[in-house]
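Chemist: Just to be clear, the model below is a prediction. Sequence and coordinates:
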Amino acid sequence: MNNHASIGNTARIWPSERRDQRRTASLLPDHRRAEENADPGWVTVLLADSQPSIRYRVRSALENVSGIAVIGEAATANSTIAETFRHRPDVLIIDPQLGETVTVDVISRVSRVAPETRVLVLSAVDDDTAIRSAIQAGARGYLIKGADLDQVVRGVQVVAAGEAIVGKAIAGRFSALLRSALGPEPYPFPQLTSREREVLDRIAAGKSNAAIARDLALAQKTISNRVSAVFGKLGVADRAQAIVLARDAGLGRG
């Protein structure tokens, strides 16, 4: 027999069943209760920091925000990996300096065991090398400890939405850090040799064969041959088509 009677759009729970639910909930650890009580649309968060005072401070701030549920804590690298794998939180807030591990390797390991979990670093280290390493390892955000708790809350929301965030102290140099972390973009036409790329770059800039020959200190006949080779590899019929294709790929705009 179904113990749930529908009253409008509300499901009624019989008193005996409600007592059983309260008793079961009282036996669960705090993070289990938070996990089971979180609405499906809520952002779930795991805190990883070797300092209990930091975890308490951040947890208190997050638990005052509707839509965010802290479902666990960890104090070491190994427990961070285990808890992340167990709970699969939407966001992991982590200080990579976890006890015996002073490395961002734990971020890489999290990315492997729970690729759906997005990582937000909360660290006391404001160092370009550390920030760059965290980004390379897979972090989606980097905040400095001491930041306003409102910024930490915002960081969780932004990272959970699939975007990136950095602290105010880092923002001014973040673009350069990101470029250096990710490396240069691959050349759009890998089928071309380095010499053919030199020619295409100049074609995209609107230069004639004579001007390209002067730039590269080569005979016009050599440039003509390379231009023909470029057209063949790109599958274009003439210079105009080559220019359009190259500029669409970002060449010749400097």
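Modeler: Done, it's in.
Chemist: okay, CA-based contacts and neighbour counts for the rest of this
Modeler: Fine.
Chemist: okay, now the domains of this structure?
Modeler: As given by automatic domain parsing, the domain ranges for the chain are 9-182, 194-248.
Chemist: What residues does the residue lying closest to Ala213 once chain neighbours are set aside make contact with?
Modeler: Spatial nearest neighbour of Ala213, excluding adjacent residues (C-alpha to C-alpha, 6 or more residues apart in numbering): Gln220 at 5.4 Å. Taking C-alpha atoms under 8 Å, 6 or more residues apart in numbering as the contact definition, Gln220 lies against 209-210, 213.
Chemist: Do you know the pLDDT at Ala38?
Modeler: pLDDT for Ala38: 53.
Chemist: what do you get for the one 5 residues further on?
Modeler: For Val43, the model assigns a pLDDT of 95.
Chemist: burial count for the nearest residue to it once chain neighbours are set aside?
Modeler: Spatial nearest neighbour of Val43, excluding adjacent residues (C-alpha to C-alpha, 6+ apart): Ile68 at 4.8 Å. Number of residues near Ile68 (other C-alpha atoms under 10 Å) recorded here: 21.
Chemist: tell me the contacts of Ile68?
Modeler: Contacts for Ile68 (C-alpha under 8 Å, 6+ apart) come out as 38, 42-45, 62.
Chemist: Ala61 too?
Modeler: Residues in contact with Ala61, defined by C-alpha under 8 Å, 6+ apart, are 149-150, 153.
Chemist: Likewise for Arg239?
Modeler: By C-alpha under 8 Å, 6+ apart, Arg239 lies in contact with 203, 231.
Chemist: 10 Å instead, please
Modeler: 200, 203-204, 206, 208, 227-228, 230-231, 245 (C-alpha atoms under 10 Å, 6 or more residues apart in numbering).
Chemist: How about Ala134?
Modeler: 96, 103-108, 119-121, 128, 140-142, 181.
Chemist: Over to Gly232?
Modeler: Gly232 touches 226, 238, counting by C-alpha under 10 Å, 6+ apart.
Chemist: C-alpha coordinates for the helix or strand it falls within, PDB please?
Modeler: Secondary structure from DSSP states H and E places Gly232 in helix 220-234. C-alpha atoms of helix 220-234 as PDB (Å, rounded to 0.1, in the frame of the first residue of the first chain):
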ATOM      1  CA  GLN A 220      60.500  36.300 -56.400                       C
ATOM      2  CA  LYS A 221      60.500  33.000 -58.200                       C
ATOM      3  CA  THR A 222      61.000  31.200 -54.900                       C
ATOM      4  CA  ILE A 223      58.200  33.200 -53.300                       C
ATOM      5  CA  SER A 224      55.900  32.400 -56.300                       C
ATOM      6  CA  ASN A 225      56.600  28.700 -55.800                       C
ATOM      7  CA  ARG A 226      55.800  28.900 -52.100                       C
ATOM      8  CA  VAL A 227      52.600  30.800 -52.700                       C
ATOM      9  CA  SER A 228      51.500  28.100 -55.200                       C
ATOM     10  CA  ALA A 229      52.300  25.400 -52.500                       C
ATOM     11  CA  VAL A 230      50.300  27.300 -49.900                       C
ATOM     12  CA  PHE A 231      47.300  27.600 -52.200                       C
ATOM     13  CA  GLY A 232      47.400  23.900 -52.900                       C
ATOM     14  CA  LYS A 233      47.600  22.900 -49.300                       C
ATOM     15  CA  LEU A 234      44.800  25.200 -48.300                       C
END
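Chemist: circling back to that earlier point, widest-spaced pair of the contacts of Ile68?
Modeler: Greatest spacing in the contacts of Ile68, by C-alpha to C-alpha: Ala38 and Leu62 (13.0 Å).
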